[in-house]
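Engineer: Pasting a predicted model and its sequence here:
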Amino acid sequence: MKGLLIRVGIDHSCGEWNGPYDPQSGHFVYVPIPDNLKRLHPHLIRSYDEVSSLLTHIGMNLPEHLKARPMHLDPDFEMLTYGDVWPRSAPLLKMGKDDFIVFYAGLRSMNKADRELVYAIIGFYRVSEVVHAIDIPENRWHENAHTRRKDYDSDIVVRAVKKRSGKLVKAIPIGEFRNKSYRVRQDLLEEWGGLSVKDGYLQRSARLPHFLSPERFMRWFEKHNPGLVAKNF
């Protein structure tokens, strides 16, 4: 068994914002990073309009600088896909059935007294198959952000197992600010059996971190009895 921990969603390094998180309920809004309009097939563009109504419902508004931009909807929890680029995608190509991917994001607490970001698990995929984007037929381009683009020659796409994968109903906080950056809490690192990144580093990186003991992580994860939905917003 192999497991990867992958950071997704909008943040200040990519989109200059953070999706909201309610610390009382654990509910959150998944807000993807922006995409480049020129790179997209016009008929496959996904708009931030899809998430703006949900934000309005909880008393928030999408920032003005995002309203005119398309979003890079990846992972696509409705389609249960995730895409990535070469060479960052190399570890994904080594994954097979029943390996897993854990998605986390840097969220902003809706409690204004909370100063620090909330780094939390927001999604989980049990891997079904990994395919090269170039081999995906046109009638399936809509399933992932990387095949909605025109330039995806070296990209790969992961497809997840239905009913065993999806977006979490409630986020699971895992991070803290330690040693000048956000990292996985020390107690969790010990319970999980460690990560391949130094001291649980949680910033975006060119290399995808993996769990040193995926079985131990899964025992921890399953204790939380996470609810999963095949839904983006």
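Structural biologist: Great, that's in hand.

Engineer: Name the SS class of L55, please.
Structural biologist: Classification of L55 using DSSP: H, G, I helix; E, B strand; the rest coil returns helix.

Engineer: Touching, it and L62? I think so.
Structural biologist: Yes. Assessed by Cβ atoms under 8 Å, L55 is found in contact with L62 at 5.7 Å. Backbone N, C-alpha and C define where each C-beta goes, glycine included.

Engineer: what's the single longest strand in the protein?
Structural biologist: Secondary structure of the chain per DSSP state E: the longest strand is strand 118-132.

Engineer: what about the strands in the chain?
Structural biologist: 3-7, 20-21, 33-34, 71-72, 81-84, 100-109, 118-132, 156-160, 166-173, 175-178, 181-184, 228-229.

Engineer: How about H132, nearest residue that isn't a chain neighbour?
Structural biologist: I156 (5.8 Å; Cβ to Cβ, 6 or more residues apart in numbering).

Engineer: Tell me the spacing between that neighbour and M95.
Structural biologist: I156 sits 10 Å away from M95, taking Cβ to Cβ, to the nearest Å as the criterion.

Engineer: now K67
Structural biologist: On the measure of Cβ to Cβ, K67 and M95 end up 36 Å apart.

Engineer: More neighbours: which of those two?
Structural biologist: Legend: neighbour count by other Cβ atoms under 10 Å for K67 and M95, higher for M95 (21 against 12).

Engineer: so where's the chain shaky on pLDDT?
Structural biologist: Of all residues in the chain, none has pLDDT under 70.

Engineer: neighbours around A171, how many?
Structural biologist: Going by other Cβ under 10 Å, the residues that sit close to A171 add up to 26.

Engineer: which residues does it contact?
Structural biologist: A171 makes contact with 21, 26-28, 105, 107, 118, 120-122, according to Cβ atoms under 8 Å, 6 or more residues apart in numbering.

Engineer: Report the beta-bridge partners for I33.
Structural biologist: Using DSSP bridges, the bridge partners assigned to I33 are H72.

Engineer: Now do the phi/psi pair for the residue nearest the centre of the chain.
Structural biologist: Central residue of the chain (Cα atoms, centre = their mean): V8, 3.3 Å from the mean position. For V8, the backbone dihedrals (degrees, to the nearest 10) come out as phi -140, psi 170.

Engineer: okay, the angle between the longest strand of the chain and strand 166-173?
Structural biologist: Between strand 118-132 and strand 166-173, the angle comes out at 150 degrees (axes from the mean of the first three to the mean of the last three Cα atoms, to 10 degrees).
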